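Trainee: Would you be able to build a 3D model of this:
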Amino acid sequence: MSQSLPEIKHIYQNHHLDSTRWQHYKPREDDIIVATPYKCGTTWTQTIILHLIFQDLQSRSLDTFSPWLDMRLSPLDEIINQLEAQEHRRCIKSHLPLDGIPYFPQVKYVVVGRDARDVFMSMWNHYSNYIPSVYDALNSSPGRVGDSFPDCSEDIRAFWQGWISRGWFDWETEGYPFWSNLYHTQTWWNYRHLPNILLVHYNDLLQNLQGEIRRIADYLNIQISEALLASVADAVKFSSMKQSAEQIVPYTHAIFKGGPQTFINKGTNGRWRDILTEHDLQLYKAAIARELTAECAKWLEKGRLAGG
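Mentor: Predicted coordinates for the structure are as follows:
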């Protein structure tokens, strides 16, 4: 566990990401940054936090209320102006590792972890349902750095073998053709002792949703009554999120076949057991050994409540 403060070591620029956009961000004392690896419960966590901020049960569009700053296709000026105009407590999304995003002691960071095999299954749903215009936008828009974003393979196990064994950036060894998942988690895990970094696990949210919402609220110094806590938990359970998908992620109509109903997909773990072979799982074990400390690996597979 590092005793120094986090520093930027890498610039993340590819078909999706541009970490330099954070140079235009002006932090406020009470800002919240949801800085998760992809497909780990980002939308879930953003929605929970927005309910806590506003102390109500209204479903809000995340692109308006909790924008993804490092997504290079979103016009930077519009995102910055949107954030500057917000008078409520701000919640901003990032998919950057801690070595690629500025660290501000006054900002609260929430990082969500999930078993990489479950992340993979969710990412397959994501990647395999991109509509053709998404590839065009990612690859033809000005400013792209690096190779073009490849079409999704029709073979899920071929995707697995590349994703778990190859990195997009030189300093990564997994995550292709997006960016790292395991490496991302380890960068945040190394600084989990800092008082403004909270690690949350997908399994713990599934196992004890009210308890984890309370834990997030306490960390954010947000008071919530028992009655509202129970109502928020009901509003963010999977069936409710699925029902409210049009309000939460309406913009996904322009990204995925099936739009919001595809994006908010299953909300379950363990589906990889019907897909991955013993050889595939050996690749997983090798990636874990390369990228994670033993303590981080245990937490990422099980979560806090299961003794991870």
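
Trainee: contacts, neighbours, all on C-alpha from now
Mentor: Will do.

Trainee: What's the local residue count around residue 137?
Mentor: Burial of residue 137, expressed as a neighbour count using other C-alpha atoms under 10 Å, amounts to 13.

Trainee: what about the residue nearest to residue 222 when sequence neighbours are not counted, is that helix, strand or coil?
Mentor: Using C-alpha to C-alpha, 6 or more residues apart in numbering and skipping residues adjacent in sequence, the residue nearest residue 222 is residue 52, 6.9 Å away. Put simply, residue 52 is helix when judged by DSSP: H, G, I helix; E, B strand; the rest coil.

Trainee: which secondary structure element contains the most far-flung residue of the chain relative to its centre?
Mentor: Seen from the C-alpha centroid of the chain, the residue lying at the greatest distance (C-alpha atoms, centre = their mean) is residue 227, 28.4 Å away. Element membership of residue 227, judged by DSSP states H and E, is helix 226-236.

Trainee: continuing past that helix, what's the next helix or strand?
Mentor: helix 238-243.

Trainee: Can you mark which positions in that next one are buried?
Mentor: Buried positions in helix 238-243, judged by neighbour count with 16 or more other C-alpha atoms under 10 Å: 238, 241, 242.

Trainee: how about stretch 67-80: buried residues?
Mentor: For stretch 67-80, by 16+ other C-alpha under 10 Å, it's 67, 68, 69, 70, 71, 72, 73, 76, 79, 80.

Trainee: Please identify which of those residues is nearest to residue 246.
Mentor: Using C-alpha to C-alpha, the shortest approach to residue 246 within the buried residues of stretch 67-80 belongs to residue 67, at 16.4 Å.

Trainee: Throw the buried residues of helix 238-243 into CSV and include distance to residue 295, thanks.
Mentor: Below are the buried residues of helix 238-243 laid out as CSV (distance: C-alpha to C-alpha, whole Å):
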residue, distance to residue 295
238, 29
241, 32
242, 34
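
Trainee: So among these, where is pLDDT lowest?
Mentor: In terms of pLDDT, residue 241 ranks lowest among the buried residues of helix 238-243, with 71.

Trainee: I figured that one was touching residue 233, is that so?
Mentor: No - contact criterion C-alpha atoms under 8 Å: residue 241 and residue 233 do not qualify, at 10.6 Å.

Trainee: Show me where the stretch 1-150 of the chain dips below the pLDDT cut-off.
Mentor: Scanning the stretch 1-150 of the chain with the threshold set as pLDDT under 70 gives 1-3.

Trainee: for it, what spans make up the helices?
Mentor: 42-54, 62-65, 76-85, 116-128, 132-140 (DSSP state H, counting those that start in this stretch).

Trainee: Ignoring the adjacent residues along the chain, who's closest to residue 38?
Mentor: residue 95 (6.3 Å).

Trainee: Go ahead and confirm that neighbour touches residue 39.
Mentor: No - using C-alpha under 8 Å, residue 95 is not in contact with residue 39, being 9.9 Å away.

Trainee: Roughly how far does the residue nearest in space to the middle of the chain sit from residue 202?
Mentor: Geometric centre of the chain, nearest residue: residue 36, 3.3 Å, by C-alpha atoms, centre = their mean. Per C-alpha to C-alpha, to the nearest Å, residue 36 is found 11 Å from residue 202.

Trainee: Find residues that contact each of those two.
Mentor: By C-alpha atoms under 8 Å, 6 or more residues apart in numbering, residue 36 and residue 202 have these common neighbours: 112, 113.

Trainee: can you give me the strands for the stretch 51-200 of the chain?
Mentor: Using DSSP state E, counting those that start in this stretch, the strands found in the stretch 51-200 of the chain span residues 91-94, 108-113, 197-201.

Trainee: how about stretch 95-105: buried residues?
Mentor: Those buried within stretch 95-105 under the rule 16+ other C-alpha under 10 Å are 95, 96, 97, 98, 99, 100, 101, 102, 103.

Trainee: cool, and stretch 147-161?
Mentor: Judged by neighbour count (16+ other C-alpha under 10 Å), stretch 147-161 contains these buried residues: 149, 152, 156, 159, 160, 161.

Trainee: which residues sit against that stretch?
Mentor: Contacts of stretch 147-161 (C-alpha under 8 Å, 6+ apart): 14-15, 120, 124, 127-128, 135, 138-139, 177, 275-276, 280, 283.

Trainee: go on, stretch 68-86?
Mentor: With contact meaning C-alpha under 8 Å, 6+ apart, stretch 68-86 is reached by 15-22, 24-25, 64, 67, 90, 92-96, 137-138, 141.
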